[in-house]
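J.: Show me how the following folds:
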Amino acid sequence: MTQLRRCQWVGDDPIYRDYHDKVWGIPVHDPITLFAKLCLDGQQAGLSWITILKKQANYEDAFYHFDPFKIAQMTETDIEVQMQNKGIVRNRLKINSIVKNAKAYIAMQEAGEDFSDFIWQFVDHKVVVNEWLNDEQVPTSTPQSDAMAKALKKRGFSFVGTTICYAFMQAVGLVNDHTTDCHCYQACKGLN
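T.: Alright, predicted model coming up:
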């Protein structure tokens, strides 16, 4: 049986393979899905993505399936409850960042700024298709992720540095960073 070739970072964990094959690099335009992924990527800071991926369902339960309007209503008491939640990363700054990001998201919407349009503007609303031969060629940030990080921070978001923004861009398909030998490369190449 021929084994599928995947990006080198994937590893053997079935949850990681499933994420790589069915989620990573597929273009996302839904604003709430983009918001949720940006918040989750911020939780990754200093940790491996697999740690957050395994806790994703717990985050969804803890943060109202990333409904920004419900998250924005969270009180200090709610934050304290989440600080005791063993199913998520119990870091006060990271937990508070999700609330802060929800409020920033709502402020953008109230100002007439669509979150999806805002995110996709950094790649001129079309997927950037890269042609990396191996993981060593893939950057951890780009001028586009620099610009996104700066613009998000200006709007009040936190845990959105350039490296987090680039990981987010890869995950939600703003860029196709599957290596050219990966079985997902061609499939993602045709999407926008």
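
J.: Measure how buried Asp114 is and give me the count.
T.: 11 (other CB atoms under 10 Å). Where you see a C-beta, it was placed from the backbone N, CA and C, and this is true even at glycine.

J.: which residues does the nearest residue to it once chain neighbours are set aside contact?
T.: Leaving aside its chain neighbours, Asp114 sits nearest to Pro31 (6.5 Å; criterion: CB to CB, 6 or more residues apart in numbering). Each residue near Pro31 by CB atoms under 8 Å, 6 or more residues apart in numbering is listed here: Asp114, Phe115, Ser116.

J.: ok, the last one touching Asp30?
T.: Yes: proximity of Ser116 to Asp30 meets the contact threshold set by CB atoms under 8 Å, at 6.9 Å.

J.: elements contacting the biggest helix by length in the chain?
T.: When the chain is parsed with DSSP state H, its longest helix is helix 92-110. With contacts defined as 3 or more CB pairs under 8 Å, 6 or more residues apart in numbering; DSSP states H and E, helix 92-110 has these neighbours: helix 31-43, helix 68-71, helix 76-83, helix 115-120.

J.: Buried residues, the strand or helix carrying Gln56. List them.
T.: Element membership for Gln56 (DSSP states H and E) is helix 49-62. Neighbour-count burial for helix 49-62, counted by 16 or more other CB atoms under 10 Å, picks out Trp49, Ile50, Ile52, Leu53, Lys55, Gln56, Tyr59, Ala62.
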